[in-house]
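Colleague: predicted model follows, preceded by the sequence.
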Amino acid sequence: MKKRSSKNNPKLRRHDELILEGGVRLLAGVDEAGRGPLAGPVVAAAVIVKDWEFEERIDDSKKLSTLQRARAYREILTKCHLSVAVIERERIDAINIFRASLEAMQEAVRDLRPKPELVLVDGNTAPDFGCEARAVIGGDGVSFSIACASIAAKVLRDRLMELWNDRYPAYGFAVHKGYGTERHFEALRKNGPCPIHRRSFAPVNAFAEEIAQMSPEVWEAFRNEN
């Protein structure tokens with residue numbers, strides 16, 4: 001491995017280096033984005049780092065600005081093997097968000113090439129990947145590979161939500177990305193859920209049930225007042 005970039009926390013990279021020095025040749029990190037929002041898909045990314053010399057900062061995606069994530073993602077595309085899986089709202093509602101998140105991670109690892117020998121998973125649960133796997137609590141702040149996956153998943157999900165904003169502009173998805181912000185709740189009160197809202201989530205279900213109990217005339221009057 002080459003000299004570490006000064007932009008990055010050496011502990012993240014050293015965590016993965018120790019695993020590789022122990023004999024693992026193909027190490028993958030996997031993480032998901034979109035577990036908490038009220039709308040949109042959950043996205044998982046799996047990466048195998050090819051070139052460890054990064055110019056951009058690699059860290060937990062939540063610690064990076066939008067611009068930092070975008071720059072890091074461009075570098076990840078050139079220096080990592082990357083696989084992504086998207087689980088849409090309908091599937092989330094059918095099996096619940098926890099299982100959908102695990103399924104997304106399994107799909108991302110399944111389609112990753114080359115096949116990893118060991119997968120590091122952000123969180124406390126490692127699903128069956130068909131190879132050795134380790135759950136790493138707070139992994140996006142511990143493992144360089146998981147941090148790369150965290151950034152990729154976040155960037156790609158944000159871009160999907162920006163596309164959904166073009167179709168459903170009343171909800172502000174480009175701004176809050178489907179999370180339960182005050183603006184999002186105000187849009188739900190005024191417009192009710194749209195097709196990408198997760199009906200299995202209690203706040204969304206509550207709005208849907210309230211609207212279902214209104215007559216068309218009352219609903220239209222409510223919208224006009226708000």
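Modeller: Perfect, I can see it now. Residues are numbered from 1 along each chain as shown.

Colleague: quick one: low-confidence ranges for this protein?
Modeller: The chain contains residues with pLDDT under 70 at 1-7, 208-226.

Colleague: backbone dihedrals for the residue sitting nearest the centre point of it, please?
Modeller: In the chain, the residue lying closest to the centroid (C-alpha atoms, centre = their mean) is A33, at 1.3 Å. Dihedral pair for A33: phi -130, psi 140, per degrees, to the nearest 10.

Colleague: bridging residues for it?
Modeller: Note on A33: beta-bridge partners by DSSP bridges are V43.

Colleague: distance check, it against V43.
Modeller: Applying C-beta to C-beta, to the nearest Å, the value for A33 to V43 is 5 Å. Quick note: C-beta positions are derived from backbone N, CA and C, even for glycine.

Colleague: please apply the same query to C194.
Modeller: C194 is 19 Å from V43, by C-beta to C-beta.

Colleague: more neighbours: those two, which one.
Modeller: A side-by-side neighbour count of C194 and V43, using other C-beta atoms under 10 Å, places V43 first with 27 against 17.

Colleague: what residues are up against that one?
Modeller: 32-34, 84-87, 104, 153, 156-157, 160 (C-beta atoms under 8 Å, 6 or more residues apart in numbering).

Colleague: quick one: which of those residues is most hemmed in?
Modeller: Within the contacts of V43, neighbour counts (other C-beta under 10 Å) peak at A153, which reaches 31 neighbours.

Colleague: hmm, that residue is touching P41, no?
Modeller: No - the pair A153 / P41 is not scored as a contact, 10.7 Å apart, by C-beta atoms under 8 Å.

Colleague: return the longest helix anywhere in the chain as CSV; C-alpha atoms alone will do.
Modeller: Of all the segments assigned as helix in the chain under DSSP state H, the longest by residue count is helix 144-167. What follows is helix 144-167, C-alpha atoms only, in CSV (Å, rounded to 0.1, in the frame of the first residue of the first chain):
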residue,chain,number,x,y,z
PHE,A,144,-12.2,2.8,5.2
SER,A,145,-14.1,0.3,3.0
ILE,A,146,-17.4,0.8,4.8
ALA,A,147,-16.9,4.6,4.7
CYS,A,148,-16.5,4.4,0.9
ALA,A,149,-19.7,2.4,0.7
SER,A,150,-21.5,4.9,3.0
ILE,A,151,-20.6,7.8,0.7
ALA,A,152,-21.6,5.9,-2.5
ALA,A,153,-25.0,4.9,-1.1
LYS,A,154,-25.7,8.4,0.2
VAL,A,155,-24.8,10.2,-3.0
LEU,A,156,-26.8,7.8,-5.2
ARG,A,157,-29.9,7.9,-3.0
ASP,A,158,-29.8,11.7,-2.8
ARG,A,159,-29.7,11.8,-6.6
LEU,A,160,-32.7,9.4,-6.9
MET,A,161,-34.6,11.6,-4.5
GLU,A,162,-33.8,14.7,-6.6
LEU,A,163,-35.3,12.8,-9.6
TRP,A,164,-38.4,12.0,-7.6
ASN,A,165,-38.6,15.7,-6.8
ASP,A,166,-39.1,16.5,-10.5
ARG,A,167,-42.2,14.2,-10.5
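
Colleague: quick check: neighbours shared by A33 and V43?
Modeller: Residues touching both A33 and V43 by C-beta under 8 Å, 6+ apart: 153, 156-157.
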